[in-house]
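Asker: Structure, please.
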Amino acid sequence: MSDDNYIEKSSFVNLIILLNEGKKALFSIILISLLLSIFYSFTATKIYQSKVLIAPATAISSDSGSLNQLSQAVNLSGLSGLSSLSSSEIKTNIALARMESKYFLNDYFTAQGLKPKLFDEDEEPSIYDIERVAKKYLSVSKNKATGLITISVNHSDPEVSYLWTEGIVPFLNNELRKKDIEEGEKNIFYLQEQLGETSVVNIKSVLFNIIEQQAKKVMLANVREDYFFEIVDPASLPEDYVSPNTVQVILVGLFLGTLFGIFYILVKDFIRNFFK
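Answerer: Residues are numbered from 1 along each chain as shown. Alright, predicted model coming up:
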C-alpha cells in the first residue's frame, strides 16, 4: 500500500471514529435541525399560485401579406410615410410587455378591484408601487416549442392570485382591440389620402388591397371576443399552496443539520487537540 493511500485510509478511519464518539451530539444537531425545518414549513407564509394558459390568436398576422406587398411597392416608388408592420412574434412580445406595464396594471387593478387587496386602503398606490408589486408577484413564461404562454401569479391570498389571472387576458384583449380599431381607422384615412395623390397603377392596386385588409381588421376587432390572445386553460381558484414545499424543506434541513453536526465535531476535536 502506498503512503498516500495509507494516509487517506487513516484519515477516513479517524473521521469515522470521531463521528462515532460524537454521535450523540451529531444526532442532537440533526434532530434540532429537523424540528426547526418542520416548524418553519408549518409556520411560514403559504404562497398560492393561479395561472392561465393562453395562445396568440391566429388573426394577428392576417394582414401581413398585403402589407409586405405595399412595402415592396413603397421601396420601388419611393413613397414615404409607410413601412411594414412587425411580425406576429414581435407583436405578441409587445402585447405581453404591455400586460406587464405599470400603466396597464394600474387600470386593470382599478377595474378588477385589486388595489385594496394589494395595497394599504388608506393610500392610493403610485405607478412605481404598481411596478414593484408586478415584479414581485407576476410571472410570464413562453414555451418556445409550442408558442403557448403561461401567466401566473404567486400570492399569499389565493383570491388575489385568482382575481389577477382570471380577468387579465380579456382586459388586455379589450385594450388591444380598442388600440387596433383606432389605428386601423387612421390607417384607412391615410391610405385613402395616398390613393388620391398617386398615379402609379401598381401602387393604387396595392393600396386598395391594404385598405380592404385594414377594413377587415377593424371589423374583426369589433366582433372577435378573443381578439389577440385565446385562453387555452383558464385560471382557477387555488386550493393548495405551492410554497413552502414541506418535503423539500425537511430534506434541506436534514442535509444542513448533518453538515453542521459533522463540522461541529471536527471543530471540537481540533480545539481539543490544539490546547493539549
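Asker: can you pull out the strands in this structure?
Answerer: 48-56, 138-142, 149-155, 229-233 (DSSP state E).
Asker: Show me the one of those strands that comes nearest Leu15.
Answerer: strand 149-155 (42.9 Å; CB to CB). Just so you know, the C-beta spots here come from the backbone N, C-alpha and C atoms, and that holds for glycine as well.
Asker: angle of the closest one against strand 229-233?
Answerer: Using axes from the mean of the first three to the mean of the last three CA atoms, to 10 degrees, the inter-axis angle of strand 149-155 relative to strand 229-233 is 70 degrees.
Asker: Can you tell me which helices and strands strand 149-155 packs against?
Answerer: strand 48-56, helix 88-100, helix 127-137, strand 138-142, helix 158-197 (3 or more CB pairs under 8 Å, 6 or more residues apart in numbering; DSSP states H and E).
Asker: Deepest-packed of the ones you listed, please.
Answerer: strand 48-56 (a mean of 20; mean count of other CB atoms under 10 Å).
Asker: ok, back up a step: Throw the helices and strands packed on strand 149-155 into TSV and include mean pLDDT and distance to Gly253, thanks.
Answerer: Formatted as TSV, the helices and strands packed on strand 149-155 follow (pLDDT from 0 to 100; distance: least, CB to CB, whole Å):
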stretch	mean pLDDT	distance to Gly253
strand 48-56	95	23
helix 88-100	89	36
helix 127-137	94	26
strand 138-142	94	27
helix 158-197	90	26
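Asker: How is this protein partitioned into domains?
Answerer: 3-44+244-274, 48-233 (automatic domain parsing).
Asker: pLDDT of the first one, averaged?
Answerer: In this model, domain 3-44+244-274 has an average pLDDT of 84.
Asker: My understanding was that Phe104 contacts Leu172; is that so?
Answerer: Yes: in terms of CB atoms under 8 Å, Phe104 counts as a neighbour of Leu172; the distance is 7.4 Å.
Asker: Overlap in contacts, these two.
Answerer: The contact sets of Phe104 and Leu172 overlap at Arg98 (CB atoms under 8 Å, 6 or more residues apart in numbering).
Asker: re earlier: determine which of the helices and strands packed on strand 149-155 approaches Lys216 most closely.
Answerer: When the helices and strands packed on strand 149-155 are compared (using CB to CB), the closest one is helix 158-197, at 9.1 Å.
Asker: before we move on, back to that, adding distance to Leu114 as columns, could you present the strands of the chain in CSV?
Answerer: Below are these laid out as CSV (distance: least, CB to CB, whole Å):
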stretch, distance to Leu114
strand 48-56, 13
strand 138-142, 12
strand 149-155, 10
strand 229-233, 19
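Asker: Identify whichever of the ones you listed lies nearest to Phe275.
Answerer: Comparing those by CB to CB, strand 149-155 comes nearest, at 51.7 Å.
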